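Participant: output the structure for:
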Amino acid sequence: LRTVRGQFKAALQDILSGEQKDKFSSFVTWLQLDTDDQRLSAALLAHAELQRNQFEDKPALGIEPFAISDVYIETQCGVLPWNKLAELSGDPSGKMKVDPFAEDSAPRQDVMSTVLGFMADKKFDDAIVIQGAPGAGKSTFTKKLCIRLHDEGLLPIRIPLQFLRVDANIFDAIQDVLVSFSDPSIGAFKRDLFADKVFSEQVEYGNSMISPYVFIFDGWDEISLSAAEGFQQRVERLLDRIRGTFLDQIRNKVRVVLTGRPSQAIGRSNFLRDDTPILTVRPITPEQLSRYINDLRDALDKPAFTGDDIDGWEIGDIGRFTPILQRYKRSFPTTRELEVIGQPLLAHLAIKVMASFKGNLEELITPPTTLYRHLVDLTCKKGGKAPTDRNGTGKSGRMAGKDLRALLHGTALAITAHGSESIPEEELELRLETLGVGTDIFLLTQKQITKEHPLTNLMISFYFKGVQERSGCEFLHKSFREYLAAEAIVEVLKEY
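Facilitator: Alright, predicted model coming up:
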């Protein structure tokens, strides 16, 4: 399929300019028509092809010898309405009614089937919200969703929110992203035409009549900041615009999918309604982890990509991973010290670390200090994203590198001293000042960088859960908190 797709354009040019060109003259004339309608269609087609290309035809993480589609893990989730997650009003502890990340909070469901089910439901008229930790597979899922919807005849528009201009008209901003990531020769199209089509065209999908244009806004945690506004204000403004434009109108039923990391910002906004479905991405199962290792072996044995920019590593004898798989299966879903490999990105990074480890893998995880050091090194580098991510933090609210690690040290120590796994904002700030670990970064972030509470930025930069006002800060993986607290103590002792 990759070969055919790569040869298609050249083959078509040969046909249209060869001996049979007279037979195709009308087709060539049609291709050369320069209309707004055709430029829009061309941009959407190029956009859909880009999503397919990134999923099926590009090296995973930019360096792997295989595509994401070669090793993709089907994403699973738990589904709860927003009012089940909102805080108990008046509860001084600030605890959530339900922890959406807990395995027993809601039955596991396939994310793809769940999203398509909401889209096909004629009674459903809200956004579909998907939340998950860094590396949980949200963005990868949105690419696969685009492929699925396009194959079913719809026109998915996937917008990475880090590239969307918050200050612009929503259709102008979407058009900029579409044109920027399509063929430069396509050119711009009239915004009014685009909006008219979105609200006037209808197709039957399942039991519902909907607009064929499906908007997928990926990564609310990636929204660019401005000199005048912090992360919270930008998120609120953008989400209000999305709801006002696409959801709170009666001209047509427009499907909207929104993804991001757990954040207080979306909980504080007015975007979520009581019944808004929140799909919380679940950790991968033992069976999925085992299948992933086998798929990795097959993909590495027959690499689809080679070259200087490709990491040609070997996984070796997958029998070495049997103790890891057995331990993960025994303790699932709590998974204890191996809980970090429940996230696809962390699982992949952990497997690469294990593959390069020459000794018995039991030594790497008993205790897992060495494994955690490698994972923290890799994930702090780009604020929870893959270490090879080319976009970095940019102008988003995320933190990275030494600043992130220093604040993580202080936060881990503060939570440990607090005596529970979650710590409120005020308590965290007080304990950071008392401990003297990460305090400088905390204050710098608050006063100079974002002009808002650093906890907002911290929680979208690493593996945290909790999206409520008073729930405060809680590591998604307890083992990360324990390791970072121990690492912080060691760093403090080194100074004496």
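Participant: so what's S269 closest to, chain neighbours aside?
Facilitator: E236 (4.5 Å; Cβ to Cβ, 6 or more residues apart in numbering). In this view, the C-beta of every residue, glycine as well, is placed from N, C-alpha and C.
Participant: so the one you found makes contact with Q264?
Facilitator: No - E236 is beyond contact range of Q264, at 11.5 Å (criterion: Cβ atoms under 8 Å).
Participant: which parts of the stretch 201-350 of the chain are helices?
Facilitator: Applying DSSP state H, counting those that start in this stretch to the stretch 201-350 of the chain gives helices spanning 231-242, 264-268, 286-301, 322-331, 344-356.
Participant: ok, now which ones touch the closest residue in space to A347 that isn't next to it in sequence?
Facilitator: Distances taken as Cβ to Cβ, 6+ apart put I341 closest to A347, at 4.3 Å, once the chain neighbours are dropped. By Cβ atoms under 8 Å, 6 or more residues apart in numbering, the contact list for I341 reads 284, 289, 324, 328, 335, 347, 350-351.
Participant: between the residues you listed, which sits nearest R431?
Facilitator: T335 (28.1 Å; Cβ to Cβ).
Participant: pLDDT score for that closest one?
Facilitator: In this model, T335 is scored at 58, pLDDT.
Participant: what does the one 3 residues further on give?
Facilitator: We have a pLDDT of 75 for L338.
Participant: run a quick neighbour tally on it.
Facilitator: Using other Cβ atoms under 10 Å, L338 has 24 other residues around it.
Participant: quick one, strands of the chain?
Facilitator: Assigned by DSSP state E, the strands in the chain fall at 76-81, 109-110, 128-131, 155-160, 203-205, 208-210, 213-218, 256-260, 277-281, 464-465, 474-475.
Participant: quick one: V111 and G78 touch, right?
Facilitator: No - when contacts are counted by Cβ under 8 Å, V111 is not listed as touching G78 (10.2 Å).
Participant: tell me which of these two has more neighbours.
Facilitator: It is V111, of V111 and G78, that has more neighbours when counted by other Cβ under 10 Å, with 24 against 21.
Participant: can you pull the contacts of the more buried one?
Facilitator: With contact taken as Cβ under 8 Å, 6+ apart, V111 is in contact with 74-77, 130, 141, 279, 281.
Participant: if we use 10 Å, what do you get?
Facilitator: V111 makes contacts with 74-77, 79, 128, 130, 132, 137-138, 141, 144-145, 279, 281-282, as judged by Cβ atoms under 10 Å, 6 or more residues apart in numbering.
Participant: find the nearest non-adjacent residue to it, please.
Facilitator: T75 (4.2 Å).
Participant: residues near that neighbour, how many?
Facilitator: Counted with other Cβ under 10 Å, T75 comes out at 26.
Participant: try D301
Facilitator: Per other Cβ under 10 Å, the neighbour tally for D301 reads 10.
Participant: quick check, it in contact with I315.
Facilitator: Yes - counting by Cβ atoms under 10 Å, D301 touches I315, with 8.8 Å between them.
Participant: hang on, the earlier thing: name the residues contacting each of V111 and G78.
Facilitator: Residues touching both V111 and G78 by Cβ under 10 Å, 6+ apart: 279, 281-282.
Participant: neighbour-wise, which one of the residues you listed leads?
Facilitator: L279 leads the shared contacts of V111 and G78 on contacts (other Cβ under 10 Å) with 27 neighbours.
Participant: the residue nearest to D172 when sequence neighbours are not counted: what's it in contact with?
Facilitator: Closest residue to D172 apart from its sequence neighbours, by Cβ to Cβ, 6+ apart: R191 at 5.6 Å. Residues in contact with R191 (Cβ under 10 Å, 6+ apart) are 36, 169-175.
Participant: confidence score at R191?
Facilitator: pLDDT, read off for R191, is 73.
Participant: quick check: it vs F171, distance?
Facilitator: According to Cβ to Cβ, to the nearest Å, R191 stands 5 Å off from F171.
Participant: ok, E339 next?
Facilitator: From E339 to F171 the distance is 43 Å (Cβ to Cβ).
Participant: ditto for K197
Facilitator: The gap separating K197 from F171 is 11 Å, by Cβ to Cβ.
Participant: picking up where we left off before, nearest to R431 among the strands of the chain would be which one?
Facilitator: The closest of those to R431 is strand 474-475. By Cβ to Cβ, the value is 14.5 Å.
Participant: which strands border the closest one, and is each parallel or antiparallel?
Facilitator: strand 464-465 (antiparallel) (DSSP bridges).
Participant: would TSV of the helices of the stretch 201-350 of the chain with mean pLDDT and distance to E426 be doable?
Facilitator: Formatted as TSV, the helices of the stretch 201-350 of the chain follow (pLDDT from 0 to 100; distance: least, Cβ to Cβ, whole Å):
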stretch	mean pLDDT	distance to E426
helix 231-242	87	17
helix 264-268	76	14
helix 286-301	96	39
helix 322-331	90	35
helix 344-356	87	31
